[in-house]
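S.K.: here is my input, please return the structure:
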Amino acid sequence: MTRAAEDRPAVHSDQGLAHESMSQLEVMAQSVAGIAPSAVMATGPALIVLFAGPGAWLSYVAATIIVVLVGLVVAQFARRFASSGSLYSYVARGLGPTGAFATGWSLVIGYVCIAMLGVTLIGPYLGSLLDRMGLPGMTSNTAYIVMTALATVAAATFAIVGIRISTRVGLVLEIVSVTAVLLVLVVVVARGGDSAAPSLFDLSGTSFNGVTYGIVLAVLGFVGFESSASLGAEARDPHRTIPRAVIGSAVLVGLLYVFASISSVLGFGDVAALSKSAAPVSDLAEKYGLGGIVWLVDVGVAASFFAVAIASINAASRVLYTMGEEDVLPAALGRAHRSFKTPHVAIGILAPIVGLVPVVLMIAGRAPFDVYAYVGTVGTFGYMVGYLLMAVALPFFLKRRGEGNPMSTVLSVVVVAALLYVFYKNVIPVPEYPLNLLLPIFIVALALGMGWYSVVRARRPEVLAEVGSTEEEPVPPHPGHPHGQHHTPESSSEAGPTAGQA
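M.R.: Residues are numbered from 1 along each chain as shown. Now for the predicted structure:
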């Protein structure tokens, strides 16, 4: 046995979280809430028809396929490896500590930005409801700022009190919100829509480039679907429940998006009218005699944004918690509440950031939907980097377990190519100011994290051997694998020398 092998720490299980406390439904709820499907159903088609025209549904079909392929990559890891570190821990087993840290930090950026998006867009929809109820001033920027601050405190509180409570709240809110939006869209379809609506297969106003760019926008509506992977410690039978939740949520939400895009075009009858609508589902409700339930749509969409804020804080805090436990980030982040069994320190650090950034932007005069565009784009870059590194890591992960196979390699190559295309279309051509600053902002945020990692690597190289060592219910590798059951990321070429020098 080599000195490096002798020095490798044994795989260890987290002890602070609420182990095996979550059912399949609750794990699924985390992924669904992380997407906020009803909010996307209510707003997404109006944006995508600008580019894809009546072929917006094709963009959603293609995006669903891409996301399901990414979900299959997640499932390849999740069936063999469960950890609260989510993709950070997965990549550690394939690409070593540096790739793992870049993945974890990028995911945290993504989750934090989507949490910001969630608490910010509660205001416009809740304000609209309160305005209809006769309360003055509820649609002002000041009211939006107050509602954003209150929503942040509430979301963080639910996240701290308990994962089961927070996911159940998220599930109930998403059921309410999806039901409200679906009710309107089903009525539109049942009544035949607008007589001027183009046929489903009439793509005369659709271009290939328009549909492909629409795919880029549609993929962004799925980010967060992998967030149940962060429940590796808390899910029951995580090797089954997490893959089912990730793939199941992608398929379910994809079907909802396709239906929403078809019924929205059908209901408005004209692509231009849909693209100009600020609140498409509410406008459809008014148009088809459902004005009395517009309040329910407002409640539903606001609830969806609140659910995504809770789910994103849940996921981000568990990635930070795992990185703190493994000492690659400050150890305080790796502390869990004794009673609630939640990463309360990480949540306490995340919550002020989640609330302050949008509040500062709105104080500076930016409208909530401007904040949505800014933080949503930066967050998407974080997710894309995380997904990309995970796909690159898959063949290496399987090879080290003695389970490499051509199909998994093909899956990895296809997913990498698709994600690179999505990323390329997000940055080329370069958008106008201030949107052109968003990629540099993400790069700076990523560089700050990698700078911290570089300092840790230089000062305490022995810490690198801990990266990716947190695992629940290890699954033995292929019988022919020479390293036996406790394979750890330190066997990578990157970590091996470090461990040997320790």
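S.K.: next up, the contacts around Ser166.
M.R.: Ser166 makes contacts with Phe158, Ala159, Ile310, Ala311, Asn314, as judged by CB atoms under 8 Å, 6 or more residues apart in numbering. All C-beta atoms are positioned from the backbone trio N, CA, C, and that covers glycine.
S.K.: what mean pLDDT does the helix or strand Val68 falls within have?
M.R.: If you go by DSSP states H and E, Val68 is part of helix 56-78. Per-residue pLDDT values over helix 56-78 give a mean of 95.
S.K.: return the set of buried residues in stretch 421-439.
M.R.: Applying a neighbour-count criterion of 16 or more other CB atoms under 10 Å, one finds Val422, Phe423, Lys425, Asn426, Leu438, Leu439 buried in stretch 421-439.
S.K.: still on that earlier bit, state the next helix or strand along the chain beyond the helix holding Val68.
M.R.: That would be, after helix 56-78 and using DSSP H and E, helix 87-132.
S.K.: I'd like to know which elements that following helix is packed against.
M.R.: Judged by 3 or more CB pairs under 8 Å, 6 or more residues apart in numbering; DSSP states H and E, helix 87-132 is in contact with helix 56-78, helix 141-161, helix 294-325, helix 344-363, helix 368-400, helix 438-459.
S.K.: now those as CSV including distance to Ser38?
M.R.: Shown next, in CSV, are the helices and strands packed on helix 87-132 (distance: least, CB to CB, whole Å):
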stretch, distance to Ser38
helix 56-78, 15
helix 141-161, 17
helix 294-325, 4
helix 344-363, 21
helix 368-400, 15
helix 438-459, 26
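S.K.: looking at the ones you listed, which is closest to Asn209?
M.R.: Closest to Asn209 of these is helix 56-78 (CB to CB; 11.4 Å).
S.K.: I'd like to know which elements the closest one is packed against.
M.R.: The contact analysis (3+ CB pairs under 8 Å, 6+ apart) places helix 56-78 against helix 37-52, helix 87-132, helix 208-220, helix 238-268, helix 368-400, helix 406-427.
S.K.: gap between the longest one and the chain center?
M.R.: The one in question is helix 87-132. 6 Å (CA atoms, centre = their mean, to the nearest Å).
S.K.: renumber starting at 19 from here on
M.R.: Understood, numbering begins at 19; the last thing we discussed is helix 105-150.
S.K.: and that helix, average pLDDT?
M.R.: 94.
S.K.: I'd say Val481 and Val346 touch.
M.R.: Yes: in terms of CB atoms under 8 Å, Val481 counts as a neighbour of Val346; the distance is 5.9 Å.
S.K.: overlap in contacts of the two?
M.R.: Residues touching both Val481 and Val346 (CB under 8 Å, 6+ apart): Val474.
S.K.: more neighbours: the two, which one.
M.R.: Per other CB atoms under 10 Å, whichever of Val481 and Val346 has more neighbours is Val346, with 28 against 17.
S.K.: my guess is the more buried one meets Ala120, correct?
M.R.: No: judged on CB under 8 Å, Val346 makes no contact with Ala120 at a distance of 11.5 Å.
S.K.: any common contacting residues for those two?
M.R.: Counting by CB under 8 Å, 6+ apart, nothing touches both Val346 and Ala120.
S.K.: hmm, Gly112 and Thr121 touching each other?
M.R.: No: counting by CB under 8 Å, Gly112 is not a contact partner of Thr121; they are 9.9 Å apart.
S.K.: neighbour-wise, which of the two wins?
M.R.: Using other CB under 10 Å as the criterion, Thr121 and Gly112 rank with Thr121 on top: 30 against 27.
S.K.: wait, what's in contact with that one?
M.R.: So Thr121 contacts Leu105, Tyr106, Tyr108, Val109, Val403, Gly404, Leu407, Met408 (CB under 8 Å, 6+ apart).
S.K.: one more time with 6 Å, if that's ok
M.R.: Leu105, Tyr106, Val109, Gly404, Leu407 (CB atoms under 6 Å, 6 or more residues apart in numbering).
S.K.: low-confidence ranges in this structure?
M.R.: Scanning the chain for pLDDT under 70 picks out the ranges 19-33, 223, 491-492, 494-520.
S.K.: phi first, then psi, for the residue nearest the centre of it.
M.R.: Among the residues of the chain, Gly242 comes closest to the average C-alpha position under CA atoms, centre = their mean, at 1.5 Å. Backbone torsions of Gly242, given as degrees, to the nearest 10, read phi 100, psi -10.
S.K.: list the contacts of it.
M.R.: With CB under 6 Å, 6+ apart, Gly242 has these contacts: Gly52, Ile53, Ile132.
S.K.: right, so of the helices and strands packed on helix 105-150, which gets closest to Gly34?
M.R.: Nearest to Gly34, of those and by CB to CB, is helix 312-343 at 7.7 Å.
S.K.: check the offset of that closest one from the chain's centre.
M.R.: 10 Å.
S.K.: how far off helix 55-70 does it point, in degrees?
M.R.: 100 degrees (axes from the mean of the first three to the mean of the last three CA atoms, to 10 degrees).
S.K.: before we move on, back to that, tell me which of the helices and strands packed on helix 105-150 sits most buried.
M.R.: Between those, helix 312-343 has the highest mean count of neighbours, a mean of 28, where neighbours are mean count of other CB atoms under 10 Å.
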